[in-house]
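[1] Have a look at this prediction, sequence included:
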Amino acid sequence: MKTILKVDNLEKFYKNKGSLTKAVNHISFEVQEGEYLGIMGASGSGKTTLLNCISTVDHATAGHIYVNGKDVTDMKETALARFRREELGFIFQSFNLLDTLTGRDNIALALAILGEHPKKIDGKINKIAQELGIGEILEKYPYEMSGGQQQRVACARAIVTNPSLILADEPTGALDSRSAGMFLDSLGLLNEERHATILMVTHDAFTASHCKRILFMKDGRIFNELVRGADSRREFFDKIMQVVSLLGGDKGHAF
């Protein structure tokens with residue numbers, strides 16, 4: 001199986017008035033093609049810093065991050081900009097849709113930036129819209145959509161370019177339980193049918209139960225790991241809650 005992401009002995013330290021904070025402290029792991037990996041941890045555990053380093057928003061203090069065999073920690077800014085466009089898809093808590101563009105145009109923008117031929121753009125948008133069940137809202141503006149609909153449009157924008165890795169940062173944080181469930185079902189469908197490789201940071205056990213594997217972080221290190229295997233999502237949720245109770249983190253939504 002192909003390794004999409006390799007994090008090798010990663011460190012991220014912050015200095016402040018003589019003190020040293022080890023936000024990410026000697027972390028190593030791999031993500032294989034088609035995996036759906038969740039990263040959990042209480043506030044201050046380092047999970048967001050880790051995601052920021054992987055997404056190249058922040059620079060690691062030491063160690064290496066490889067995406068498709070490319071060492072992103074050694075890339076210059078011009079190469080990084082191209083790498084983000086071509087290799088990564090982003091799903092944020094706040095949707096980050098452009099209010100002056102329709103859903104269709106928000107998705108099309110990601111393809112246009114890559115230089116996709118205009119005649120192919122509509123076909124790709126229609127296909128992903130059908131998969132995510134958003135065909136009826138493509139001509140609407142974000143303010144005309146529900147939060148769940150906006151997040152599914154954002155998901156379509158992230159996946160339509162066929163990125164090597166999708167990074168999701170608390171993607172259900174601004175959604176109610178029903179909308180969160182619909183969005184997570186859509187994300188799971190993309191993982192199953194498109195074999196999309198997903199890395200999701202969340203504090204919510206219900207959200208994490210949709211993943212196939214979870215890394216738990218504490219004090220900048222990996223504290224524990226769970227693999228769903230043949231468990232039902234309810235069984236996996238219960239196991240997640242056991243680890244969360246040890247970590248002292250948030251429980252999030254319940255079944």
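    Happy to help now that I have it. For clarity, every value in this text was computed on a predicted model and none was experimentally measured.

[2] Please, which helix or strand holds residue 24?
    strand 19-32 (DSSP states H and E).

[3] now that strand: how far from the chain's centre is it?
    Its chain's C-alpha centre and that of strand 19-32 lie 17 Å apart, by CA atoms, centre = their mean, to the nearest Å.

[4] packing partners for it?
    strand 3-16, helix 47-54, strand 62-67, strand 221-227 (3 or more CB pairs under 8 Å, 6 or more residues apart in numbering; DSSP states H and E). (Glycine included, C-beta is placed from N, CA and C.)

[5] which other helices and strands contact the shortest one?
    Read that as strand 62-67. Secondary-structure packing of strand 62-67 (3+ CB pairs under 8 Å, 6+ apart): strand 3-16, strand 19-32, helix 47-54.

[6] Tell me which of those sits most buried.
    For these, the largest average neighbour count (mean count of other CB atoms under 10 Å) is found in helix 47-54, namely a mean of 23.

[7] Double-check residue 157 against residue 104; I have them as touching.
    No: checked against CB atoms under 8 Å, the pair residue 157 and residue 104 is beyond contact range at 10.4 Å.

[8] Compare these two (neighbour count), which wins?
    residue 157 (24 against 21; other CB atoms under 10 Å).

[9] contacting residues for the more buried one?
    Shown in contact with residue 157 (CB atoms under 8 Å, 6 or more residues apart in numbering): 89, 97, 106-107, 109-110.

[10] Name the nearest of the residues you listed relative to residue 179.
    Of all the contacts of residue 157, the one with the least separation from residue 179 (CB to CB) is residue 97, at 15.0 Å.

[11] Number of residues surrounding that closest one?
    Look at residue 97: counted by other CB under 10 Å, it has 23 neighbours.

[12] go on, residue 164?
    When neighbours are counted by other CB under 10 Å, residue 164 registers 18.

[13] Next one, pLDDT for the closest residue in space to it that isn't next to it in sequence please.
    Spatially, and ignoring its direct neighbours in sequence, residue 164 is nearest to residue 87 (4.6 Å; CB to CB, 6 or more residues apart in numbering). Residue 87 is assigned a predicted lDDT (pLDDT) of 92.

[14] where along the stretch 101-250 of the chain do the strands fall?
    Assigned by DSSP state E, counting those that start in this stretch, the strands in the stretch 101-250 of the chain fall at 165-169, 198-201, 213-218, 221-227.

[15] out of those, deepest packed?
    Neighbour counts (mean count of other CB under 10 Å) averaged over each of the strands of the stretch 101-250 of the chain peak at strand 198-201, with a mean of 24.

[16] quick one: average pLDDT of that one?
    Mean per-residue pLDDT for strand 198-201: 96.

[17] and if you look at stretch 46-64?
    Stretch 46-64 comes out at a mean pLDDT of 93.

[18] Pull up the distance across it, start to finish.
    Its first and final residues considered, stretch 46-64 spans 17 Å by CA to CA, to the nearest Å.

[19] what about that stretch, distance to the chain center?
    14 Å.

[20] cool, stretch 85-102 as well?
    12 Å.

[21] all helices for the stretch 151-255 of the chain, in order.
    Assigned by DSSP state H, counting those that start in this stretch, the stretch 151-255 of the chain shows helices spanning 177-193, 205-208, 233-247.

[22] Comparing these, which comes out most buried?
    Most buried among the helices of the stretch 151-255 of the chain, counting by mean count of other CB under 10 Å: helix 205-208, with a mean of 25.
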